[in-house]
Each structure stands twice: as C-alpha cells, then as structure tokens.
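output the structure for:
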Amino acid sequence: MQSSPGLLDLLAKRMDWLTQRRSILARNISNADTPRYVPLDLQEPVFTRALGTEFPPALAPRSSNPKHIAEGPTAAATFNGEESRERYETALSGNAVVVEEQMMKVAPTQGDRQLVTNLYTKHVKLFCLVLTGTAR
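Below you'll find the predicted structure:
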C-alpha cells in the first residue's frame, strides 16, 4: 500500500525544487555575457503526481447554469501554462540569456520560496501548539 506524502514532505520537495531553480536562474544571469551560453530552466512539477493520485471526478468543475462557463474543452481549459516558445533573442556571440526574462522568473520563484517557508513555519507552530499548549 502506497501512502501519500505528508505536508512537510511536500513542502520539502517544493523547497528543493525552488532552490534548484533559483540556482539555475542565478547561473543563467551570471553567464549573460558568456559566448554561446543557452539559458536553462527546470520543468514545473505536476502537483497531482506529488500527491500520488489524480483528483476524483466528483471534484471536476460543473456548471449549474447555462450562462456559466461551458463544460468541455475550451481554449482556456486546454492551456497548459508551459513555455513552448523558442529563445526570445540571441546575441551575436550566440548567448541567448535575456537578463530581464531571467529576473521575471526569479521574482515568482522567490515569492514561492517565501510562501513555502511561511507554510512550514505555521505548520511547526501548529505542532508546538498541539504538543505544548502554547505557540512559540
């Protein structure tokens, strides 16, 4: 029997991924002037795969009124959110790093790291509250 990972395990995995992504983005920025350097990035993990299960069909969105968003595949429903475009620009030296693009990736990565840190802190405080009766 496979058990699903706990919240702290999921937070640790997410923090590891964010740390690796931050390192790769920093390497991209530091190599902004390196000839023939191609920027790298990590693929976003799938949340349902981390849980080890798919959501049951009972949780699928349904419309209760014909004026609501239609059910079935639409352009918005099939959008996967992954970047599938080619490199934005390449310098004459062959370098494809656009510092502004990398910084736009750094900002949400840092925000996600802060969110995971806050969730971990709140979870530990909850444990302390349950075990000792006081939050520290």
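
could you point out which element follows the worst-scoring helix or strand of the chain on mean pLDDT?
The helix or strand of the chain with the poorest confidence is helix 75-78; it has a mean of 41 (mean pLDDT, DSSP states H and E). Counting by DSSP states H and E, the next helix or strand C-terminal to helix 75-78 is helix 99-132.

buried stuff in that next one?
101, 102, 105, 106, 109, 112, 113, 116, 119, 120 (16 or more other CB atoms under 10 Å). Every C-beta, even on glycine, is put in place using the N, C-alpha and C of the backbone.

you'd agree the fifth one is up against residue 18?
When you say that, I think you mean residue 109. Yes: counting by CB atoms under 8 Å, residue 18 is a contact partner of residue 109 at 5.8 Å.

circling back: could you dump the buried residues of helix 99-132 into CSV and include pLDDT and distance to residue 45?
Shown next, in CSV, are the buried residues of helix 99-132 (pLDDT from 0 to 100; distance: CB to CB, whole Å):
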residue, pLDDT, distance to residue 45
101, 91, 21
102, 92, 20
105, 93, 16
106, 94, 18
109, 94, 13
112, 94, 12
113, 95, 15
116, 94, 13
119, 93, 16
120, 93, 18
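
what is the nearest of those residues to residue 91?
residue 101 (13.2 Å; CB to CB).
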